[in-house]
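Student: predicted model, plus sequence, below.
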Amino acid sequence: MIDGNEIAIETSDLSFSFSKEQTVIKGLNLKIPKGSIFGFLGPNGAGKTTTIRLILDLLSPSSGAVEVFGKSLRDQRSLVLSRIGALIETPSLYEHLTGFDNLKVTANLRGIRQKRVGEALEMVGLDAQAGKYVRNYSLGMKQRLGLALALLSSPDLLILDEPTNGLDPSGILEIRELLRELNVKHGVTILVSSHLLSEVERLVSHVGIIGQGKMLFQGPLKELQQISSESAFIEIDTDNNTRALEILREDHQSVIKATQFLDVQYVDKDRLAHLITLLTAAGLRVNRAQLVESSLEETFLSIIKDDHL
Ligand SMILES: Nc1ncnc2c1ncn2[C@@H]1O[C@H](COP(=O)(O)OP(=O)(O)OP(=O)(O)O)[C@@H](O)[C@H]1O
């Protein structure tokens, strides 16, 4: 669904401060491809909600600019905002009205035709429960109704701030499937923020990782997976590690660490077999040759922790 090189959201050197003492967003260059599901990730307080509020023009940047589908937010505010549907944490709903009437009120206020109410309810799978009072909805149903509200204006871009916050695993799964369907069937570009990679890992095509207001990584999920696989190493132990280290260096192997064990960068299974043959051929006894891989979550955490990219 990614649409060539077209960009849905681009921020250039976006900065923002709530006060003189603390700059919360620091020169952010966000680039979200059209047609993508972009996971906007970072720990609590990293600046995700503030960035989203800047994109929705709920805050004004100290410097920098926002473009949505190539149009400047500053110069073409109404046009830009008309293409966006947003759900910021929990939606504000009228508990004493039915799901249908909640949407109808908003549709009337925004001059959206009535037919769209039914369509939005169907898109989020709430058409059968549309006649129930919202006070009787589960949290998951309320989130889906919030999504229906965001979808009323038929947006090309959905911005969702932690939409699965507080949901149980089945609620999370439901929202995930719904978002995937909106992206695939209806071509909606989705920005979804979360502080947990594991929550969005099976949904997103792209990720952006923010820490203390700075972009630490952004790109296709595959690129993050690649970084993760490149950090794999083989932990080697022999009956003479001093000699083993010499042999490995003579063979131009990349030894990452030589302490209790010798950690050698993992390339592939053939390389692993080669190392064992090399050491045993030199008369050493290999006690251990173990592949140590880090999960995607560990890579994510190390990016946040080290700011190393
Ligand atoms: N209204 C405000 N006034 C002053 N500081 C604020 C305000 N809102 C947020 N902040 C500060 O701005 C920083 C970024 O907050 P923000 O809510 O954007 O982070 P976040 O990544 O969305 O975190 P979370 O996952 O907890 O929602 C934090 O240090 C926060 O304390």
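Tutor: Thanks, I have the structure now. Fair warning: this is a prediction, and the values are worked out from it, not measured in the lab. Residues are numbered from 1 along each chain as shown.

Student: and stretch 152-165, which residues are buried?
Tutor: Within stretch 152-165, the residues scored as buried using 16 or more other C-beta atoms under 10 Å are 152-153, 155-165. C-beta coordinates here come from the backbone N, C-alpha and C atoms, glycine included.

Student: what's around Ser143, how many residues?
Tutor: Careful, residue 143 is Gln; it's not Ser. Around Gln143 there are 27 other residues, counting by other C-beta atoms under 10 Å.

Student: is it in a helix, a strand, or coil?
Tutor: When classified by DSSP: H, G, I helix; E, B strand; the rest coil, Gln143 comes out as helix.

Student: tell me the contacts of Gly118?
Tutor: Residues in contact with Gly118 (C-beta atoms under 8 Å, 6 or more residues apart in numbering) are 127, 130.

Student: quick one: average pLDDT of the helix or strand it falls within?
Tutor: Here Gly118, judged by DSSP states H and E, is contained in helix 115-123. Helix 115-123 shows a mean pLDDT of 93 in the predicted model.

Student: re the thing from before, what's the lowest-pLDDT member of the buried residues of stretch 152-165?
Tutor: Ranking the buried residues of stretch 152-165 by pLDDT, Asn165 lands last with 82.

Student: from what I see, Asn44 and His195 are in contact.
Tutor: Yes - with contacts defined as C-beta atoms under 8 Å, Asn44 counts as touching His195 at a distance of 5.8 Å.

Student: mind showing which ranges of the stretch 1-150 of the chain have poor pLDDT?
Tutor: Applying pLDDT under 70 to the stretch 1-150 of the chain picks out residues 1-4.

Student: contact residues of it facing the ligand?
Tutor: Within the stretch 1-150 of the chain, the positions adjacent to the ligand are 18, 24, 42, 44-50 by C-beta under 6 Å from any ligand atom.

Student: recalculate using a threshold of 5 Å.
Tutor: Neighbours of the ligand within the stretch 1-150 of the chain, by C-beta under 5 Å from any ligand atom: 18, 24, 44-50.

Student: now what about the helix ranked longest in the chain, what contacts it?
Tutor: The longest helix of the chain (DSSP state H) is helix 169-186. Helix 169-186 is contacted by residues 1, 35, 37, 123-125, 138-140, 143-144, 147, 151, 158, 160, 163-164, 167, 188-190, 192, 199-200, 202-203 when judged by C-beta under 8 Å, 6+ apart.

Student: just those: which are in helices?
Tutor: 123, 139-140, 143-144, 147, 151, 199-200.

Student: which among these count as buried?
Tutor: 123, 140, 143-144, 147, 151, 199-200.

Student: three-state assignment of Cys90?
Tutor: I think there's a mix-up here, since residue 90 is Thr and not Cys. Criterion first, three-state DSSP; result for Thr90: coil.

Student: that one: what's it in contact with?
Tutor: For Thr90, the contact set (C-beta under 8 Å, 6+ apart) comprises 142-143, 146, 165-166.

Student: measure the residue in the stretch 101-250 of the chain that the ligand sits nearest to to Asn102 for me?
Tutor: For the stretch 101-250 of the chain and the ligand, the shortest gap (C-beta to the nearest ligand atom) falls at His195, measuring 4.8 Å. According to C-beta to C-beta, to the nearest Å, His195 stands 28 Å off from Asn102.

Student: which of those two has more neighbours?
Tutor: Asn102 (27 against 15).

Student: which parts of the helix or strand that the more buried one is a member of are buried?
Tutor: Using DSSP H and E, Asn102 sits in helix 99-110. Buried residues in helix 99-110, defined by neighbour count with 16+ other C-beta under 10 Å: 99-104, 106-107.

Student: for the helix holding Gly118, buried residues please.
Tutor: 116-117, 120-121, 123.

Student: okay, these in JSON lines with distance to Gln76 next?
Tutor: JSON lines is the format used below for those (distance: C-beta to C-beta, whole Å):
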{"residue": "Arg116", "distance to Gln76": "24"}
{"residue": "Val117", "distance to Gln76": "28"}
{"residue": "Ala120", "distance to Gln76": "25"}
{"residue": "Leu121", "distance to Gln76": "31"}
{"residue": "Met123", "distance to Gln76": "27"}
